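K.L.:
My questions are about this predicted structure, shown below with the sequence.
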Amino acid sequence: MNIRNLIFTIFLTLILTISITSATVTEPNIMRYGEILTDGNVLKTTDPITDVNIIGFVCSSENCITVSHALDLSNGNIVADINNAPVLTTGASNNTVNVVYPTTHPNTEYGYGLYFYKNGYIPNERAEIDWAGTGTVDPWTNYLTKKRSCIAPINNLTVLNAAQANIPLIINIDASLDATTYSAIESAGPLEHVPSQIEDQYSVETTVTMTVYNSSDDVVYTDSSVELIPYSDSITVEFIWTPAEAGTYKIIATSTATDTKCLSSDPQTTEKSDILVYAEAPRNECYTILNGLSASDPQPEINEQVTISYTKISNHANDEVMGTGSYVLTPTETDVTYTIKDSSDATVYSDTETISANSNAIDAETYSFEWTPQTPDTYTVTVTG
């Protein structure tokens, strides 16, 4: 090779190298603290947050419901494995980091989606990012937040004879105690996709406690369970209690958001009272089992109609012994009363109706009534039958 060709080859190689390394867009990102107020607005501060992690994706549908690729935000490369997106971090002592985007956007219709997260904070999301080309763009500020006050509504408390659900509780037979608890944080970000590698960031640690009191108000059973409830979701927590004595009992289920994403938590309760525990199965009497009291929206707006539902089974037991072929249960009609009281214990709604007999003696049936709150408050709903 002569000298002229050698010089040309070196010169061409240098040009190609410069072209590859400059084909990205760099965006400085700043991490700061925000607080979600009780009205849902965000109080933004200038307080820095360090040690923040960032992952990014190529959105393949509106609102990033689906993603096609992950991004390596340190160099702008496209990554095929969407379940293991490379993590970019600010580091333990910094609250800023440069995010690097590819020079050519692979899907210009839906843009990129970015997730900013750190343990103990509600993640921040960015949608429809469409940077392409080369160079450095203006800095972007991201706010990772905590919620000032968390409420994890709890309802649908169900107490059943675990051996035979259509029979009242009997001593020495397990009672199944279930309650449905709702997340204290609603999904509010612009991105629908929740990456599998950070699912735990999109849940709220919540403690559910079940306590049983006898007629003397002594605690005869208590147990707790710590659950991770996904944003905008609910879970059912089950406890087993075995009553040892016949009598009248009260059961209270309490939910408390114990996650560090919450600055404070207002415990929520639901209660079932006047629960009869029999020494043996009922004979020559009527009984009603009410369960599953719940509201269509546990945190409704003013003038929003709420549907309050529950299940009911009412039977008459003849005077034979359960377990014999002559023991018969007959469905009967039931008088039920609905009462709603505000936080001052004033009755704001009351009604009574007679419900026809259930279709059979085994299966509980669902009933409901409507109510519309007129003023903001905390209300207690009671159904008796």
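P.N.:
Looks like it arrived, so ask away.

K.L.:
what about the stretch 51-200 of the chain, any weak spots by pLDDT?
P.N.:
Applying pLDDT under 70 to the stretch 51-200 of the chain flags residues 107-108.

K.L.:
at 90 instead, please
P.N.:
In the predicted model, the stretch 51-200 of the chain carries pLDDT under 90 at residues 103-109, 130-133, 154-182, 184-189.

K.L.:
Grab the nearest non-local neighbour of Asn84.
P.N.:
Gln197 (6.6 Å; C-beta to C-beta, 6 or more residues apart in numbering). For every residue, glycine as well, the C-beta is placed using N, CA and C.

K.L.:
Touching, that neighbour and Pro86? I think so.
P.N.:
No - the pair Gln197 / Pro86 is not scored as a contact, 10.5 Å apart, by C-beta atoms under 8 Å.

K.L.:
which neighbours do these two share?
P.N.:
Ile55 (C-beta atoms under 8 Å, 6 or more residues apart in numbering).

K.L.:
you'd agree the residue nearest to Asn84 is in a helix?
P.N.:
Yes - secondary structure of Gln197 (DSSP: H, G, I helix; E, B strand; the rest coil): part of a helix.

K.L.:
Now for it: which residues touch it?
P.N.:
Ile55, Asn83, Asn84, Ala85.

K.L.:
Any idea what the first one is bridged to?
P.N.:
Applying DSSP bridges to Ile55 yields these beta-bridge partners: Tyr115.

K.L.:
if I look at it, how far off is Tyr110?
P.N.:
In this view, Ile55 and Tyr110 are 17 Å apart by C-beta to C-beta, to the nearest Å.

K.L.:
can you give me the helices for this protein?
P.N.:
Remark: helices assigned in the chain by DSSP state H are 3-21.

K.L.:
Strands along the stretch 251-385 of the chain, start to end?
P.N.:
For the stretch 251-385 of the chain, the strands defined by DSSP state E, counting those that start in this stretch occupy 268-278, 285-295, 306-317, 329-331, 334-341, 347-355, 365-371, 380-384.

K.L.:
Quick one: list the elements packing against the shortest one.
P.N.:
By that I understand strand 329-331. Where contact means 3 or more C-beta pairs under 8 Å, 6 or more residues apart in numbering; DSSP states H and E, strand 329-331 is packed against strand 306-317.

K.L.:
care to break this structure down by domain?
P.N.:
Following automatic domain parsing, one finds the domains of the chain at 24-143, 149-279, 281-385.

K.L.:
can you list the weak-confidence ranges in the stretch 201-350 of the chain?
P.N.:
Those would be 272, 274, 276, 278-283, 285-288, 290, 292-302, 317-327, 329, 343, if you go by pLDDT under 90 across the stretch 201-350 of the chain.

K.L.:
again, 80 this time
P.N.:
The stretch 201-350 of the chain contains residues with pLDDT under 80 at 323-325.

K.L.:
Now do the contacts for Ile185.
P.N.:
Contacts here follow C-beta under 8 Å, 6+ apart; on that basis Ile185 touches Ile122, Lys147, Cys150, Val204, Tyr231, Ser232, Lys261.

K.L.:
From the residues you listed, list just the buried residues.
P.N.:
Ile122, Lys147, Cys150, Val204, Tyr231, Lys261 (16 or more other C-beta atoms under 10 Å).

K.L.:
ok, how many other residues are close to Val52?
P.N.:
Neighbour count for Val52, taken as other C-beta atoms under 10 Å: 26.

K.L.:
Make sure it is actually in contact with Gly91.
P.N.:
No - in this structure, Val52 is not within contact of Gly91 by C-beta under 8 Å, at 9.1 Å.
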